[in-house]
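**Q** sequence plus predicted model, see below.
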Amino acid sequence: MHKKVLIIEDNATDAAIVKELLEKEGMKVEVARSGKGGVEKAVSLKPDLIVLDLILPDISGFDVCAQLKGKAALKKAIVVVLSIKDNIEDITRAFHTGADDYIIKPPVPELLIRKIKLYLGIR
């Protein structure tokens, strides 16, 4: 069974790069370009893992993370923040809102894939 991943990222280039990396690994990948759209898509898709940017056009990624983790249908979904924000305050805040991991952009592609596969139980 293919693992489902949702990327919530407003930057089309960043979203396309991550989507291509994950699809090459056999994952089913969807993209949402806003926070509200991401939460809605997550509820309908019920992804196994969500890659979340913190800087979004409508609501902050911190709020998105808290909303995702507050939904019963998404309790098991793993949230990996992928953000350019590299200060300890933002990283700590992301974990406090429910993020399972935090990766600073730009990610090393091999590391990103390895971590996501680990979270999804893919060898």
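**A** Noted; the coordinates are in hand.

**Q** measure stretch 64-77 end to end?
**A** 13 Å (Cα to Cα, to the nearest Å).

**Q** pretty sure residue 65 sits against residue 100.
**A** No - contact between residue 65 and residue 100 fails when scored by Cβ atoms under 8 Å: they sit 9.6 Å apart. The way it works is simple: take the backbone N, C-alpha and C, and place the C-beta from them, glycine included.

**Q** higher neighbour count, these two?
**A** residue 65 (26 against 16; other Cβ atoms under 10 Å).

**Q** got a list of what that one touches?
**A** 52, 79, 81, 94, 97, 98, 99 (Cβ atoms under 8 Å, 6 or more residues apart in numbering).

**Q** which one of the residues you listed is nearest residue 110?
**A** residue 81 (18.8 Å; Cβ to Cβ).

**Q** SS state for that closest one?
**A** Here residue 81 is recorded as strand under DSSP: H, G, I helix; E, B strand; the rest coil.

**Q** mutual contacts of residue 65 and residue 100, please.
**A** In contact with both residue 65 and residue 100: residue 79, using Cβ under 8 Å, 6+ apart.

**Q** bridged to the residue nearest the centre of the chain, which residues?
**A** Centrality entry for the chain: nearest residue to the mean C-alpha point is residue 51, 1.2 Å, by Cα atoms, centre = their mean. Note on residue 51: beta-bridge partners by DSSP bridges are residue 7, residue 80.

**Q** that one against residue 83, yeah?
**A** No - using Cβ under 8 Å, residue 51 is not in contact with residue 83, being 10.2 Å away.

**Q** using TSV, lay out the contacts of residue 65 together with neighbour count.
**A** Putting the contacts of residue 65 into TSV (neighbours: other Cβ atoms under 10 Å) gives the following:
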residue	neighbour count
52	28
79	26
81	29
94	23
97	22
98	19
99	24
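
**Q** now, which of the residues you listed sits nearest residue 60?
**A** residue 97 (9.4 Å).
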